[in-house]
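Enquirer: can't give you the sequence, but here's the structure:
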């Protein structure tokens, strides 16, 4: 037999495109359209409905960037259409090649009740079935003219990402505005032919099934009269019935489909627009759930539910009803789908606290899965946090984006730094926007790496980010794929149903230990420095605010600011979303974040100030009380306490250096700064050990060209290292402080259009060199780093993450190690030889790299470089322009415990308040290895005191905790402050007046102290 596959496949494509699909709506009449454009920001629904309209016609332009227009469409159902299915077709000017990322609409009835969203691949509104001839049609559309930022030529700089620079040129033209007859038989034929045509293309040519489908398709096309598609569609469908009824093989892969729309809480649009994106999508999905009894839809991010509850209560009511029916499934148990590399320990914990609590309080739903399909890698501390929140599963697909290495599993147990293991699944479909295309289903089957041991995967299905979610076409395709020869079996299932089946089938999967590093988007650790600083500052202030407010409530009876802290936490958690904190959003988002962080800081400083003044005693006594929020004693002030102290002792000295520069000393360190302002020596006097590698200079600013192949704000490609400029010329090197308490040298440098001013400080009694850097940054597509070449030999280093630290290699033996050329740390990076180490601590930066070379003398130079600033031009063409301030410190002779301590001290500086009182800490620990991460009052307003702590050094922790407060007992709790029925035996034991702790490496524990009639 001759091979005529291409002939029939080409025929199928043309007939579908030019004859059958157009016949879905065979008859139509135009609608009349009126428009009103809101003068600025979106208006309430009632105002939009009531505003006067002016006529607008198909083909007319509308919609300035970020504008809102209210359209009214009206018409009459022709008498001849009585008894038929009638739909309105409303095309706002969509580009169907983009499922989202453009204009959108939400349709309302005249009474203000929502109908459904309008999206590029979802432009229909059902009017009636059956229709009544002469029926009047009146609908309103809230249309958002969001500009296209990521266009066909991606990553081009654009001013459309900020309202003030976007201009007012209309972005769209109205296209189809019609009432039309919907022919369901033709629509079903289209789905039949698409499913079979897509399946056929994935089957082997050598197999009979492909040819069976080909001949059936040929017969069906023969049955279609191209001049009467509607009259012959039923006959064509009959000729396909046999191949559609052939069942799947018993061994066929099983796919749990779940309706889904990944909606970035901000990205190429501002936060306020996400509120409306969620409303449109949830209106779509609740309408679809009513029409499709087998369909199940899931949505993560409690913040997005909270938005529609506040701003679109009429939509939220439909969501609550569908959740109660078990069809609309809250997923993930987090406030947002956050970044997981940069958020601090408590912030990562609170993502789950606030997310899970919202779902419990609103819906009575407790999630057992973390749902993070798009997050840019996963920190090694996350498994323990997931478990401590009462969850046990994780879903993501982002690791499939890695550029270098292919991850070896799709289903596995992920082991975190403390040993906690979480059952984890990567959907082999490799997308969270599955559309039930044959190529996607076939890819999931071929790609699944656990064949022979498991046979089940999940497919989040639907268009996200303004695409409107799952479509009726996807549901119809899934119905045909339920049991179809040559395909995986597809069922609509809730995430929990999938995970339960997958874990039961594969109870002992392979284990992956350590972080899940994404070999892509590494520059998100540096882009938009102000956003990252705002996050770190907010996290630190929240720690202080909870600590001192709780202390003031217990010690002084000051009312605890429950509402304020709850609201601020949610604001900070929102801004940890995986396109805000990583710095990959448009300018509007980051400028707004900067303003929000300033407001957060002002409010939290106010809470701290009120609490400390309530504790400090007599402000008129002329004394000063020093408050220490860090978890380690500092200069005689207990961790979490305060005391009136005298002036600090001296001990610092400075002398000129021969040839220029200065030599600073404080009895612990001797630091030599040369005439160029570069650090040429840092001697640990106690150890008699030089820190800086021979012939090298430390605190060396280096600048690289930085133009990645794609994803400008997200990526830094390894070739950036090929070209580097050392900034060694100084405008000035001057001594600015010479006192017994501190000595400082200021160094100023000019480069390009920018200027950097650094202050290097030694303080009495401190074995660290403080480095304050101010950069007035006006570069483009450049990358600024600060290098510290260290005379230390080690094959690995430690980087802090949530509730501990992880180790990464300093070498590049394998492609897995070489791919980690930019990585994340929180407060410190630590390197160590047996008996001596060095820490570099940071107050706000996250990105760094570590490399090693062997010198001619045989010694090893290990260089740590912190990443300071970038200047990508997409999506924000002015990323990071302006003045920035950074704080770092070099700590020679540091063990990992010293790195932990100095990291906290740098991030939580002491506060001085007028007064004369000593303030005892609420809790005291006798082992510095066990670190308190939070002291607060319980969220249920009982007045109980909650203390969270963890073992910080990676060893066994044995500590005695004394609670300096009246209490009736202590319980071990989960992150939501609920007693744990299965608390690890021997971890916590109450003794007379204290709590004995026995902790595993990096183990976190939450304790709840029940107070007698506690202050509320």
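Expert: Yep, that arrived. Everything numeric here is computed off the predicted structure, so don't read it as measured data.

Enquirer: state the mean pLDDT of stretch 459-473.
Expert: pLDDT averaged over stretch 459-473 equals 97, rounded to a whole number.

Enquirer: correction: the previous question concerned stretch 817-832.
Expert: 98.

Enquirer: now do the strands in the stretch 251-400 of the chain.
Expert: Taking DSSP state E, counting those that start in this stretch as the test, the strands found in the stretch 251-400 of the chain are 254-259, 297-299, 328-330, 369-371, 393-395.

Enquirer: where does pLDDT dip in the protein?
Expert: Counting by pLDDT under 70, the chain has low-confidence residues at 1013-1016.

Enquirer: ok so, going back, now render the strands of the stretch 251-400 of the chain as JSON lines, adding distance to residue 667.
Expert: In this view, the C-beta of every residue, glycine as well, is placed from N, C-alpha and C. Converted to JSON lines, the strands of the stretch 251-400 of the chain look like this (distance: least, C-beta to C-beta, whole Å):
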{"stretch": "strand 254-259", "distance to residue 667": "64"}
{"stretch": "strand 297-299", "distance to residue 667": "60"}
{"stretch": "strand 328-330", "distance to residue 667": "59"}
{"stretch": "strand 369-371", "distance to residue 667": "49"}
{"stretch": "strand 393-395", "distance to residue 667": "50"}
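
Enquirer: dump the ones you listed to a markdown table, plus distance to residue 60 and mean neighbour count.
Expert: Shown next, in a markdown table, are these (distance: least, C-beta to C-beta, whole Å; neighbours: other C-beta atoms under 10 Å):
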| stretch | distance to residue 60 | mean neighbour count |
| --- | --- | --- |
| strand 254-259 | 35 | 26 |
| strand 297-299 | 35 | 26 |
| strand 328-330 | 37 | 24 |
| strand 369-371 | 42 | 27 |
| strand 393-395 | 45 | 22 |
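
Enquirer: closest to residue 534 out of the ones you listed?
Expert: When the strands of the stretch 251-400 of the chain are compared by C-beta to C-beta, strand 369-371 sits nearest residue 534, at 25.0 Å.

Enquirer: that older thread, closest one to residue 798 among the strands of the stretch 251-400 of the chain?
Expert: Taking C-beta to C-beta as the criterion, residue 798 comes closest to strand 393-395 out of the strands of the stretch 251-400 of the chain, the separation being 24.2 Å.

Enquirer: any idea which helix or strand comes after that closest one?
Expert: strand 411-415 (DSSP states H and E).

Enquirer: what about the strands in the stretch 51-200 of the chain?
Expert: 54-55, 61-62, 67-76, 86-90, 104-108, 114-118, 124-128, 136-145, 172-173, 177-181.

Enquirer: which among these is found nearest to residue 937?
Expert: Closest approach to residue 937 among the strands of the stretch 51-200 of the chain is made by strand 114-118 (40.0 Å; C-beta to C-beta).

Enquirer: any idea of the angle the closest one forms with strand 86-90?
Expert: Angle, strand 114-118 to strand 86-90, by axes from the mean of the first three to the mean of the last three C-alpha atoms, to 10 degrees: 50 degrees.

Enquirer: helices or strands next to strand 114-118 in the packing?
Expert: Here strand 114-118 is seen to pack against strand 104-108, strand 124-128, strand 136-145, helix 271-291, helix 313-324 when contacts are counted using 3 or more C-beta pairs under 8 Å, 6 or more residues apart in numbering; DSSP states H and E.

Enquirer: how about a cut-off of 7 Å?
Expert: Using 3 or more C-beta pairs under 7 Å, 6 or more residues apart in numbering; DSSP states H and E as the contact criterion, the neighbours of strand 114-118 among helices and strands are strand 104-108, helix 271-291.

Enquirer: now the shortest one and strand 67-76, what's the angle there?
Expert: With the same axes, to 10 degrees defining the directions, strand 104-108 sits at 50 degrees from strand 67-76.

Enquirer: next: the last one.
Expert: Calculated by the same axes, to 10 degrees, helix 271-291 forms an angle of 30 degrees with strand 67-76.

Enquirer: which of the residues in helix 271-291 are buried?
Expert: Within helix 271-291, the residues that qualify as buried are 271, 273-289, counting by 16 or more other C-beta atoms under 10 Å.

Enquirer: redo the helices and strands packed on strand 114-118 as JSON lines? Include distance to residue 722.
Expert: Putting the helices and strands packed on strand 114-118 into JSON lines (distance: least, C-beta to C-beta, whole Å) gives the following:
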{"stretch": "strand 104-108", "distance to residue 722": "43"}
{"stretch": "helix 271-291", "distance to residue 722": "39"}
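
Enquirer: let me see the ranges of the helices in the stretch 851-1000 of the chain.
Expert: For the stretch 851-1000 of the chain, applying DSSP state H, counting those that start in this stretch gives helices covering 896-907.

Enquirer: shouldn't residue 21 be within a helix?
Expert: Yes - secondary structure assignment places residue 21 in a helix (DSSP: H, G, I helix; E, B strand; the rest coil).
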